[in-house]
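In: model this:
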Amino acid sequence: MRISPLSLLFLTFVSIGATAVPNSLHTQAERLHQYAGTWVSSISPDSNEVAPVPLIKMVNRSMQNGQSLHVDVLMLRDETYRSILVEQISYDSKTDQIVALGQNEAGESFIGKGRFENDRRWSMLDVDLAGNELMRVEFEFLSPTRVVVEGFAPSGESLWKTRYLKANSKHKNIGIQLVSVHPAMQQDAVGTLRELGRMGYSFVETFVYRDRSFYGMAPEDFRREVEASGMDFLGSMTFRNLPDNADWQESMEWWETCIQDHLAAGVEFLTTSNNQLKSVHTLAELQRYCDYYNAIGKLCQENGLTFAFHNHDDEFGLIEGVRIYDYLLENTDPAFVHFQADIYWMDVGKVNPIDYFKNHPDRFLSWHVKDYKELGQSGKIDWIKIFDANSHPIPPYLVAEVEDYTFPPLYGVQLALEYLHHKILIDL
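Out: Predicted coordinates for the structure are as follows:
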């Protein structure tokens, strides 16, 4: 992520607004994939509240490269979840519709056919194998993580109605950089956090600390909302320019306040980046940044936080024949300054991140896991090799990030999480 410390909010809006961000899905298969994941029933069709032990659990496993779902619906009976329905729901490319083959617990099989009218509404007609109409099932996606499903008899009478909320596993401890969904956070921060928590993200990393607040909320209030969503507020990107000598004390006082606000918010690590490297022409100038980062890192450590430097691609240029990133690694104190590797920007900078992870195994606190499109979609980065734990350490904080969109952002960050969870971290 590249955000100017001088005009953070302005450039945020410009950078996001300058890129065409899709606001709708376009194919039946993409819309079907919204239904992937683990879902649980709410206490009523009109509520987002979930009982401590939900009555129904639904596990929808994506197959055939996102073209198909294996669906298993389980109901709580005698304190045990028992399967009451299984289905194979697929997108049929010949007819451009959704088809299903299912069986209920009585052993009765059925065939369903239907389609999405739009991103939100999906209708299926189920018939038995003798051709008798059994039921029409209507799906209404209230959001990417909330869907109301209702069954109707052939007469049109409603037979049942259930609201499902996504409840994906968080056990692989994957974080999300909130710049990925910045417009949604600006519009409805609390609602967007709930979406991310249900998707299965474990923690958030922000970049909007301003006027001692996060998205207009006091540190304690923002922490409360993140935790209410089932996540933790663990990381924050913060920005303040390198001060002149005369302004050094004022800058350190700003960082002291910043650190105290982040401690109140429950944050464990702070990161910063440098968008001024094009104006740095000597190693002496670069050393001043090292001194600055050492001072910030020392202040963080004294207060119980960890500090890390986040790269873009400029760090892989040369100053006086020395690669900037190498100089930063060698001339910042390992006791105070860690590094957050943005793997996308390393690829743009034409360096192999694995070389750095092998040569500096103790310096990397975090990775920003970002691709040229949604994670894993571009084919340009060998994520399997990068995540080879037998080759080099994997850091404690893995942060997914999406900035180049093929799909609506909330759909895109769900794809990123699925890719990390099911394709990359499969052994964890």
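
In: Okay, and the beta partners of the one residue sitting closest to the centre of the chain?
Out: The chain has Ile176 as the residue nearest its centroid, 3.7 Å off, counting by C-alpha atoms, centre = their mean. Applying DSSP bridges to Ile176 gives these bridge partners: Val204, Ala400.

In: Contacts only, for it.
Out: Residues near Ile176 by C-beta atoms under 8 Å, 6 or more residues apart in numbering: 196, 201, 203-205, 399-401, 413, 417. Every C-beta, even on glycine, is put in place using the N, C-alpha and C of the backbone.

In: likewise Glu256?
Out: Contacts of Glu256 by C-beta under 8 Å, 6+ apart are 299, 303.

In: does it sit in a helix, a strand or a coil?
Out: Here Glu256 is helix, with the state taken from DSSP: H, G, I helix; E, B strand; the rest coil.

In: Roughly how far does Gln340 sit from Arg82?
Out: From Gln340 across to Arg82, the span is 46 Å (C-beta to C-beta, to the nearest Å).

In: and what of Tyr164?
Out: According to C-beta to C-beta, Tyr164 stands 18 Å off from Arg82.

In: Repeat that for Cys258.
Out: 52 Å.

In: The two - which one has more neighbours?
Out: Legend: neighbour count by other C-beta atoms under 10 Å for Cys258 and Arg82, higher for Cys258 (21 against 10).

In: Please look at the more buried one and Tyr209 and confirm they touch.
Out: Yes: counting by C-beta atoms under 8 Å, Tyr209 is a contact partner of Cys258 at 6.7 Å.

In: Does Leu328 touch Gln287 like I think?
Out: No: at 10.0 Å, Leu328 does not count as touching Gln287 under the criterion of C-beta under 8 Å.

In: Between these two, which is the more surrounded one?
Out: Counted by other C-beta under 10 Å, Leu328 and Gln287 do not tie: Leu328 has more neighbours, with 21 against 13.

In: Next SSE downstream of the longest strand seen in the chain?
Out: Longest strand in the chain by number of residues (criterion: DSSP state E): strand 80-92. Downstream of strand 80-92, the next assigned helix or strand under DSSP states H and E is strand 97-104.

In: got the buried residues for that next one?
Out: 98-100, 102 (16 or more other C-beta atoms under 10 Å).

In: for stretch 319-338, same thing?
Out: Buried residues in stretch 319-338, counted by 16+ other C-beta under 10 Å: 319, 324-329, 331-332, 336-338.

In: Using PDB, write out every CA atom in that stretch.
Out: Extracted C-alpha coordinates of stretch 319-338, given in PDB (Å, rounded to 0.1, in the frame of the first residue of the first chain):
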ATOM      1  CA  ILE A 319      21.800   5.100  -3.900                       C
ATOM      2  CA  GLU A 320      25.600   5.400  -4.300                       C
ATOM      3  CA  GLY A 321      25.500   1.800  -5.700                       C
ATOM      4  CA  VAL A 322      23.800   0.400  -2.600                       C
ATOM      5  CA  ARG A 323      20.300  -1.000  -2.700                       C
ATOM      6  CA  ILE A 324      18.100   1.100  -0.300                       C
ATOM      7  CA  TYR A 325      16.400  -1.900   1.300                       C
ATOM      8  CA  ASP A 326      19.700  -3.600   2.000                       C
ATOM      9  CA  TYR A 327      21.000  -0.400   3.700                       C
ATOM     10  CA  LEU A 328      17.800  -0.200   5.800                       C
ATOM     11  CA  LEU A 329      18.200  -3.800   6.900                       C
ATOM     12  CA  GLU A 330      21.900  -3.300   7.800                       C
ATOM     13  CA  ASN A 331      21.600   0.100   9.400                       C
ATOM     14  CA  THR A 332      18.500  -0.200  11.600                       C
ATOM     15  CA  ASP A 333      18.800  -1.900  15.000                       C
ATOM     16  CA  PRO A 334      17.300  -5.400  15.000                       C
ATOM     17  CA  ALA A 335      16.300  -4.800  18.600                       C
ATOM     18  CA  PHE A 336      14.000  -1.900  17.600                       C
ATOM     19  CA  VAL A 337      13.100  -2.200  13.900                       C
ATOM     20  CA  HIS A 338      11.500  -5.100  12.200                       C
END
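
In: now what about it, what contacts it?
Out: Stretch 319-338 is contacted by residues 269, 277, 280-283, 286-287, 289-290, 293-294, 296-298, 300-301, 306-309, 311, 314-318, 339, 351, 356, 360, 362-366 when judged by C-beta under 8 Å, 6+ apart.

In: ok, so of the buried residues of strand 97-104, who is nearest Ala218?
Out: Ile98 (45.9 Å; C-beta to C-beta).

In: Dig out what that closest one forms beta bridges with.
Out: Counting by DSSP bridges, Ile98 forms beta bridges with Tyr91, Gly114.

In: For Leu234, grab the count of nearby residues.
Out: Look at Leu234: counted by other C-beta under 10 Å, it has 22 neighbours.

In: Kindly confirm my reading that it is in a strand.
Out: Yes: if the criterion is three-state DSSP, then Leu234 is within a strand.

In: Nearest residue to it in space, please, no chain neighbours.
Out: In this structure, Leu234 finds its nearest non-sequential neighbour in Phe203, 4.2 Å apart by C-beta to C-beta, 6 or more residues apart in numbering.

In: got it, and Gln414?
Out: Met199 is the one closest to Gln414 (C-beta to C-beta, 6+ apart), at 5.2 Å.

In: For Tyr35, give its distance to Leu263.
Out: Using C-beta to C-beta, we find Tyr35 at a distance of 41 Å from Leu263.

In: Tell me which of the two has more neighbours.
Out: Legend: neighbour count by other C-beta under 10 Å for Tyr35 and Leu263, higher for Tyr35 (21 against 15).

In: what bits of the stretch 301-428 of the chain have low per-residue confidence?
Out: Regions of the stretch 301-428 of the chain meeting the criterion pLDDT under 70 cover residues 428.

In: I meant the chain, not that one.
Out: In the chain, residues with pLDDT under 70: 1-19, 428.
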